[in-house]
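J.: just the structure for this:
(chains A and B)
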Amino acid sequence: MSRVDITKRFAPIQREAARRAEEKKTDGIPTISIVMSTCGLASGAAETKQAFEEALLHKSIEARIVAVGCLGHCYAEPLVVIDHPTSGFPPICYHQVSAARAKVLVGSYLEKGDPVFKYILGATEENDLIPAVMDFPRFNLEQRLVMEQCGRIDPDDIYQYVAEGGYGGLVKALGSDPEEVIATVETSGLRGRGGAGFPAGRKWRLARDNNSEGVIVICNADEGDPGAYMDRTILESNPHQLLEGLAICAYAIGANQAHVYVRAEYPLAVKTIQQAIKISEKLSLLGSSILGTSFNLEVIVFQGSGAFVCGEETALIHSIEGKRGMPQHRPPYPVETGLWGRPTVVNNVKTLSCVPSIITRGAEWFRSIGTEKSPGTAIFSVVGNVNHPGLVEIAMGTSLRTLIFEVCGGIPKKKSFKAVQIGGPSGGCLPESFLDTPIDFDSLTEAGAMMGSGGMVVMDENSCMVDVSRYFLDFTQNESCGKCTFCRIGTRHLLTILDRITKGEGSEKDLGLLETLSEDIKSGSLCGLGKTAPNPVLTSLKYFLEEYEAHVREKRCPALKCRALTAFYIDLEKCARGCDVCVGCCPVEAIFTTTGRKKAIDQEVCVKCGECMVVCPPEYDAVEKVSPPELAPIIERSPEEKKQSK
Amino acid sequence: MTTPELDGEERAMVEEIAVMLPHFEKSRGNLIPILQSIQEKHAYLSGAAMEMVAEHLSISASEVYGVATFYNQFRFHPPGKHQFKVCLGTACHVAGGDIILENFERKLGIKDGETTPDREYSIERVACVGCCALAPVAVIDDTVEGHIQPSRVEGIFVQFQVEREREEREKAERESGE
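T.: Model prediction:
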């Protein structure tokens, strides 16, 4: 079939998309777009939506409510964009729109034309009236390629994606030779976004050169890394971009079957992608004889059951086959024998989502973004102690400092930066001296961290590096599939040592043991999980050795985090007479009244949750935290009171 | 093989599964989807249920059990009426998620993965629900709650208590009205 015929088949879909977009623009009805992805819902977007609906009904105002995906600005959720064409204002983005604010917005903006300046985050386009969000560092330092349409379009409405040029890449690919498609992806230098950074084009070529029947493509959306959620966001916010990439890949390698492996823990993502597949099939963009060509593609959604190791491609394949998700020795690589013994290409969500724009805009354009060896963009979920947490897409090569301090607004509460953990359980903690490291596959690996799935946890002075390492080891030892002895028993033993240290029971010898054991686990494990599991320990030992030493030598946690090594007490000089806030909030009734109606903490009962410190009114600020715990002055509780509390 | 005595609840479950199983093709690749749909419907996998699945797919029961226990998603005991899932992802850990978990555990007197004897509440720890910017996070039944404080734990129970009392009152009123 010629390129002209394919374009002809696609034209009606494009026309319909254009018609709908035009209608929306010209009918004068305001559009309220509410961010309704998982994180938006967690912040109360459902209540916000309901409030809008009720207020509109109550005031009999006509408006369109659209549920859009995530913009990545999680700190400002629930986010709402109101486009009120007859008001004279540009589309305005509002932050933290609670149900109450929603009612106010309907009353003042939609009814009376006053846009309520105090709730505004910014305008979504340049204008003379309201500062545009594009002028904020959070927006203008970002470069959106994969997440370009996330949060701007309704994920359930395929026409909105088409109106933005969607499925144009597939049309172009179908009109050219598969060989050409692979060549374009190869020239673009696109590297796998799943962590290791294997060139995507080369993987495709290997599968194609295999020349056998029944090639399969799998989209890996088994995002198990605690702290990373960009795959979920893409699935929930723009599923069609992924499907388009998947279809292009399948066409290029000659596959007729595709699987999308999504975590069952992401119910909304599962629902959205299933819905999207159905619509695409209906419009002949997936399914049999796509756009009238001889190319067929069946897309199947498989729900992963929550095993971190299944992010590894061979384990993932076993999981689809209904077995325990255990990795196997490579070679043979999945491109030779994969799912059901057939050649299989496994690509990450972000990798596949990059493909449509590479095809439409060309390999050169893609190469112009990012660095020589890592072209394109990187998506990070920046969380932890930063002012503006959320999803950030930046060009490769941007420095960590720019990302943390400019894009994400730095560390809150005037605290100082301590470390950044990149790459989740497989990555490492980097100290301040690495802040100028450019973000790309090779620089991060060199520094001892890794790109991984893109989880980034920023830690301030109150985070304990030993505790963070212990946390990751707790995770990996739990997730180790048990196949390799060093990973199975070694990670458990690392955890035991770290446990000991955080409880103040460690010895100097433990530090050397941690290091040798880590090296052994690295060399004695088959898959990425075991090979990288000791990274958090090794990097923190390297860069934060003094913290480990304080734990083992002085039984002190410098960051005041390890609970066995800290204690709370109430400064009697500062405590106010008769204020009972801390007493009321203590979950274990450890706080009692002592001389002069002031309060004191019963150290025997205290569970060190820190709630009293949070609730103590700032004008008194009487609760202190110390390490080692012996520093806390002991105030005895009278025996009868003791009995009462028990 | 002798089947142990089933109580009423389990018998109903077995009957429903027997109706459902023929809808799935007898292929090994269907094992996980079958287990998932059983759990979705009945909230957990009982021994009898796993045996039925094994028979349907012509594999050994230990094979089914091996796969089911490998994955975090599957539960082998009935959960409580209200489920608390406390997120212990990296961001939640740094923000004190373990303290939140402890508060739930202390309040109910059970550990994570357990259910209270009255089958009212159960606690689970989850690796990450993907709402890291809102840490610490807990999922109360199906609602994700962000920025949860230890004192909020208390509040949640008060809320359930009030609801329960209201339900009981309404029930009593209905009954006295009849």
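J.: flag the shaky bits of the chain, pLDDT-wise.
T.: Picked chain A for this. In the predicted model, chain A carries pLDDT under 70 at residues A:1, A:642-646.
J.: nope, chain B
T.: Ranges of chain B meeting pLDDT under 70: B:1-6, B:178.
J.: tell me how far the ends of stretch A:59-77 are from each other?
T.: 25 Å (CA to CA, to the nearest Å).
J.: that stretch: how far from the chain's middle?
T.: Distance of stretch A:59-77 from its chain centroid, counting by CA atoms, centre = their mean, to the nearest Å, is 21 Å.
J.: what's the longest helix in the chain?
T.: Using chain A here. Secondary structure assigned by DSSP state H gives helix A:3-26 as the longest helix of chain A.
J.: wrong chain, I was asking about chain B
T.: When chain B is parsed with DSSP H, its longest helix is helix B:150-177.
J.: all the helices of the stretch 51-200 of chain A, residue numbers only.
T.: For the stretch 51-200 of chain A, the helices defined by DSSP state H, counting those that start in this stretch occupy A:99-105, A:137-140, A:158-163, A:168-174, A:178-188, A:200-209.
J.: which secondary structure elements does the longest one contact?
T.: Judged by 3 or more CB pairs under 8 Å, 6 or more residues apart in numbering or on different chains; DSSP states H and E, the packing partners of helix A:178-188 are helix A:200-209, helix A:239-253, helix A:349-361, helix A:363-367. C-betas here are computed from N, CA, C, even on glycine.
J.: looks like A:Asp156 contacts A:Gln274 (just checking).
T.: No. Between A:Asp156 and A:Gln274 there is no contact under CB atoms under 8 Å: 10.9 Å.
J.: okay, these two: which has more neighbours?
T.: When neighbours are counted by other CB atoms under 10 Å in any protein chain shown, A:Asp156 and A:Gln274 differ, and A:Asp156 comes out ahead with 17 against 14.
J.: can you pull the residues of the stretch 1-150 of chain A lying near chain B?
T.: A:Thr38, A:Cys39, A:Leu41, A:Ala42, A:Ser43, A:Cys74, A:Tyr75, A:Glu77 (CB under 8 Å from any CB of the partner chain).
J.: give me that answer again for 10 Å
T.: A:37-44, A:46, A:72-77 (CB under 10 Å from any CB of the partner chain).
J.: so which of these is the closest to B:Gly80?
T.: A:Ala42 (21.7 Å; CB to CB).
J.: now the closest one. Its backbone dihedrals?
T.: phi -60, psi -30 (degrees, to the nearest 10).
J.: now the helix or strand harbouring A:Ile32: how far from the chain's centre is it?
T.: Using DSSP states H and E, A:Ile32 sits in strand A:31-35. With CA atoms, centre = their mean as the basis, strand A:31-35 stands 22 Å off its chain's centre.
J.: check which helices and strands that strand sits against.
T.: Helices and strands touching strand A:31-35, as assessed by 3 or more CB pairs under 10 Å, 6 or more residues apart in numbering or on different chains; DSSP states H and E, comprise helix A:45-58, strand A:64-68, strand A:80-83, strand A:92-94, helix A:99-105.
J.: export the ones you listed to JSON lines and tack on mean neighbour count?
T.: Shown next, in JSON lines, are the helices and strands packed on strand A:31-35 (neighbours: other CB atoms under 10 Å in any protein chain shown):
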{"stretch": "helix A:45-58", "mean neighbour count": "18"}
{"stretch": "strand A:64-68", "mean neighbour count": "18"}
{"stretch": "strand A:80-83", "mean neighbour count": "24"}
{"stretch": "strand A:92-94", "mean neighbour count": "26"}
{"stretch": "helix A:99-105", "mean neighbour count": "19"}
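J.: double-check that A:Val299 belongs to a helix.
T.: No. A:Val299: not assigned to a helix; according to DSSP: H, G, I helix; E, B strand; the rest coil it is strand.
J.: and for it, the neighbour number?
T.: A:Val299 has 23 neighbouring residues, counting by other CB under 10 Å.
J.: go on, the one 5 residues further on?
T.: Using other CB under 10 Å, A:Gly304 is surrounded by 28 other residues.
J.: who does it form a beta bridge with?
T.: Following DSSP bridges, A:Gly304 is listed with bridge partners A:Arg263.
J.: that one contacts A:Arg263, doesn't it?
T.: Yes. Counting by CB atoms under 10 Å, A:Gly304 touches A:Arg263, with 4.8 Å between them.
J.: between those two, which contacts overlap?
T.: Contact criterion CB atoms under 10 Å, 6 or more residues apart in numbering or on different chains; residues shared by A:Gly304 and A:Arg263: A:Ala221, A:Asp222, A:Glu223, A:Gly224, A:Val270, A:Cys310, A:Gly311, B:Asn72, B:Gln73.
J.: list the residues that contact the fourth one.
T.: Under the criterion of CB under 10 Å, 6+ apart, the contact list for A:Gly224 reads A:263, A:265, A:304, A:306-312, A:424-425, A:453, A:475, A:479, B:72, B:127-128.
J.: mind telling me what element it is part of?
T.: Judged by DSSP H and E, A:Gly224 forms part of no helix or strand.
J.: now it: phi and psi?
T.: Dihedral angles (degrees, to the nearest 10) for A:Gly224: phi -100, psi -10.
J.: ok, the second one next?
T.: Backbone torsions of A:Asp222, given as degrees, to the nearest 10, read phi -90, psi 70.
J.: how about it, nearest residue that isn't a chain neighbour?
T.: A:Gly304 (4.6 Å; CB to CB, 6 or more residues apart in numbering or on different chains).
J.: follow-up on the earlier one: please point out which parts of the longest helix of chain B sit buried.
T.: Residues of helix B:150-177 classed as buried by neighbour count (16 or more other CB atoms under 10 Å in any protein chain shown): B:Pro150, B:Ser151, B:Arg152, B:Val153, B:Glu154, B:Ile156, B:Phe160.
J.: so A:Cys609 sits right up against A:Thr566, yeah?
T.: No. Using CB under 10 Å, A:Cys609 is not in contact with A:Thr566; the gap is 11.5 Å.
J.: who has more neighbours out of these two?
T.: More neighbours surround A:Cys609 than the other of A:Cys609 and A:Thr566, with 26 against 21 (other CB under 10 Å).
J.: assign a three-state SS to that one, would you?
T.: Classification of A:Cys609 using three-state DSSP returns coil.
J.: same check, this time on B:Arg125
T.: Here B:Arg125 is strand, with the state taken from three-state DSSP.
J.: can you list residues touching both of A:Asp156 and A:Gln274?
T.: What both A:Asp156 and A:Gln274 touch, as defined by CB under 10 Å, 6+ apart, is the set A:Pro239.
J.: residues in the stretch 351-500 of chain A within reach of chain B, list them.
T.: A:381-386, A:388-391, A:421, A:424-425, A:455-460, A:462-464, A:467-468, A:470-472, A:474-475, A:478-479, A:481-482.
J.: backbone dihedrals for the residue positioned nearest the centre of chain B, please?
T.: Among the residues of chain B, the one closest to the centroid is B:Pro79, at 4.1 Å (CA atoms, centre = their mean). Torsion angles at B:Pro79 (phi, psi; degrees, to the nearest 10) stand at phi -80, psi 170.
J.: would you confirm that it contacts B:Arg119?
T.: Yes. Using CB under 10 Å, B:Pro79 is in contact with B:Arg119, at 8.2 Å.
J.: so what sits against both of the two?
T.: By CB under 10 Å, 6+ apart, no residue touches both B:Pro79 and B:Arg119.
J.: hang on, A:Glu125 packs against A:Asp135?
T.: No. Taking contacts as CB under 10 Å, A:Glu125 lies outside contact range of A:Asp135: 11.2 Å.
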